[in-house]
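Q: Fold the following for me, if possible:
(one chain, ligands or ions: 1)
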Amino acid sequence: MRWPRGVSRGPALPEGGWPAQRILLTGASGGIGQALVDEFAAAGARLLVTGRRGDTLEALVERHPGQVTAMTADLTRPKDRAALIGAAASAGCNMLVNAAGVNRVGLFESCSDEALERLITLNLTATLQLTRALMPTLLAARHGWVVNLGSTFGTIGYPGQVGYCATKFALRGFSQALRRELADTRVRVLHVSPRATRTAMNAPKVEAMNQALGNAMDTPARVASAVRHAIEHGREETQLGGPERLFTRLNSLLPSLVDRALARQLPVIRRFVATPGEAAPHDTP
Ligand SMILES: NC(=O)c1ccc[n+]([C@@H]2O[C@H](COP(=O)([O-])OP(=O)(O)OC[C@H]3O[C@@H](n4cnc5c(N)ncnc54)[C@H](OP(=O)(O)O)[C@@H]3O)[C@@H](O)[C@H]2O)c1
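A: I've put the predicted structure just below:
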């Protein structure tokens with residue numbers, strides 16, 4: 001298997017390896033989150049997993065007895081975040097994996113204020129606030145980690161996902177700035193950008209659009225494996241997918257070329273997203 005290339009500056013997983021890691025994982029009830037639980041647990045780590053759907057979290061606890069504990073939390077609620085931070089500190093968590101996220105596919109002009117607020121509140125505000133609240137615990141650990149799940153759409157502005165792009169661009173900036181601020185500490189900050197992945201986040205019309213455009217979709221297991229690889233090798237920035245790596249670079253160096261390529265795709269994108277935006281099945285209005 002070929003691993004995604006990325007930028008490596010930080011150390012690899014320190015002595016003690018995975019069995020020494022205590023991970024707080026958000027978005028654990030989601031497609032990528034569940035795969036991450038399986039990946040980290042198989043490696044020997046212990047996890048505190050969170051999401052809003054208690055039944056899905058309980059299934060993960062049962063699947064990995066003794067390794068996984070669960071706590072339901074709505075990350076947009078300060079009280080829930082505070083309870084989670086308390087539990088993570090008690091569990092001695094030294095790694096935070098921010099995988100909770102929502103998307104909204106549709107034309108920007110038809111996006112409601114509520115939908116925009118939901119995107120920004122979870123993908124950005126709650127993620128930053130949770131990370132900040134856990135900082136004392138991470139800084140006190142022998143080795144601390146923040147691992148943010150970004151997206152190709154955190155580098156390439158994409159029609160039909162304008163609000164989501166705004167949050168994922170900001171998450172990439174947050175990851176880079178925090179990494180630089182913590183450069184003289186033992187806390188490493190990684191940012192992993194999956195390309196399109198087969199989870200409930202993508203409604204059938206989005207899968208159909210990706211197929212029509214020839215965009216490859218990864219399995220959640222593939223993403224989880226890449227996240228583990230990034231952590232094991234201290235890769236600070238990882239972009240999954242060969243064509244996506246090329247396009248993200250091209251977008252930085254010669255954005256007008258990507259403008260033209262996306263302009264050619266626009267009629268197809270409009271055809272799939274022109275109906276009012278669909279929330280992911282697990283997203284509450
Ligand atoms: N799927 C893709 O194509 C793709 C591509 C690139 C990047 N990503 C990123 O990868 C991450 C995981 O995505 P996914 O595909 O696994 O999505 P998913 O299957 O829809 O899962 C989303 C997760 O976020 C949690 N969540 C949503 N709202 C929440 C809230 N208010 N409070 C707490 N948790 C909340 C959900 O938990 P509950 O439903 O239990 O609340 C669920 O665990 C996201 O950051 C996403 O942006 C995904």
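Q: rest of the way, CA atoms for contacts and neighbours
A: OK.
Q: Any part of stretch 32-45 near the ligand?
A: Yes - with C-alpha under 6 Å from any ligand atom as the measure, stretch 32-45 is seen reaching the ligand through I32, G33.
Q: Alongside the ligand, which residues does the stretch 51-200 of the chain contribute?
A: Counting by C-alpha under 6 Å from any ligand atom, the stretch 51-200 of the chain sits next to the ligand at 51-53, 73-76, 99-102, 122, 149-151, 194-200.
Q: Give me the pLDDT value at E109.
A: E109 carries a pLDDT value of 95.
Q: Secondary structure of it: a helix, I assume?
A: Yes - assigned with DSSP: H, G, I helix; E, B strand; the rest coil, E109 falls within a helix.
Q: one step back: just the buried residues of the residues of the stretch 51-200 of the chain next to the ligand.
A: Those of those that meet the buried threshold are 51-53, 73-76, 99-102, 122, 149-151, 194-199, by 16 or more other C-alpha atoms under 10 Å.
Q: Please pull up the helix or strand immediately following the helix or strand hosting R118.
A: Here R118 sits within helix 113-120, counting by DSSP states H and E. Using DSSP H and E, the next helix or strand after helix 113-120 towards the C-terminus is helix 127-140.
Q: Buried residues, that following helix. List them.
A: T127, L128, Q129, L130, T131, L134, M135, T137, L138, L139.
Q: Can you mark which positions in stretch 247-261 are buried?
A: Buried residues in stretch 247-261 (16+ other C-alpha under 10 Å): F247, T248, N251, V258.
Q: quick one: which of these is nearest the ligand?
A: Distance to the ligand across the buried residues of stretch 247-261 (C-alpha to the nearest ligand atom) is lowest for T248, with 13.6 Å.
Q: so that closest one, which of the three states?
A: Under three-state DSSP, T248 falls in the helix class.
Q: likewise V102?
A: coil.
Q: correct me, but it touches N202?
A: No - assessed by C-alpha atoms under 8 Å, V102 is found out of contact with N202, at 10.0 Å.
Q: quick revisit: right, and out of the buried residues of helix 127-140, which lies closest to the ligand?
A: Nearest to the ligand among the buried residues of helix 127-140 is T127, at 9.7 Å by C-alpha to the nearest ligand atom.
Q: What sits closest to that closest one if chain neighbours are left out?
A: N98 (6.8 Å; C-alpha to C-alpha, 6 or more residues apart in numbering).
Q: and the one you found, how many neighbours?
A: Look at N98: counted by other C-alpha atoms under 10 Å, it has 23 neighbours.
Q: for it, what are its contacts?
A: L25, T26, G27, T127, V146, V147, N148, L149 (C-alpha atoms under 8 Å, 6 or more residues apart in numbering).
Q: Assumed the fifth one was part of a strand.
A: It stands for V146. Yes - if the criterion is three-state DSSP, then V146 is within a strand.
Q: Just list whatever residues bridge to it.
A: Beta-bridge partners recorded for V146 (DSSP bridges): L96, V189.
Q: Equivalent analysis for the first one, please.
A: Note on L25: beta-bridge partners by DSSP bridges are V49, V97.
Q: Quick check: it touching V49?
A: Yes - L25 lies in contact with V49 (C-alpha under 8 Å); the separation is 4.9 Å.
Q: Just checking, which helix or strand of this structure averages the lowest pLDDT?
A: strand 278-279 (a mean of 46; mean pLDDT, DSSP states H and E).
Q: gap between the residue nearest to the spatial centre of the chain and S110?
A: Nearest to the geometric centre of the chain sits L149, at 2.2 Å (C-alpha atoms, centre = their mean). As for L149, its distance to S110 is 27 Å (criterion: C-alpha to C-alpha, to the nearest Å).
Q: which stretches of this structure form helices?
A: Assigned by DSSP state H, the chain shows helices spanning 31-43, 54-63, 78-90, 113-120, 127-140, 162-181, 204-213, 220-232, 242-253, 255-273.
Q: Make JSON lines out of those helices and add mean pLDDT.
A: Below are those laid out as JSON lines (pLDDT from 0 to 100):
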{"stretch": "helix 31-43", "mean pLDDT": "98"}
{"stretch": "helix 54-63", "mean pLDDT": "98"}
{"stretch": "helix 78-90", "mean pLDDT": "98"}
{"stretch": "helix 113-120", "mean pLDDT": "97"}
{"stretch": "helix 127-140", "mean pLDDT": "98"}
{"stretch": "helix 162-181", "mean pLDDT": "98"}
{"stretch": "helix 204-213", "mean pLDDT": "94"}
{"stretch": "helix 220-232", "mean pLDDT": "97"}
{"stretch": "helix 242-253", "mean pLDDT": "96"}
{"stretch": "helix 255-273", "mean pLDDT": "96"}
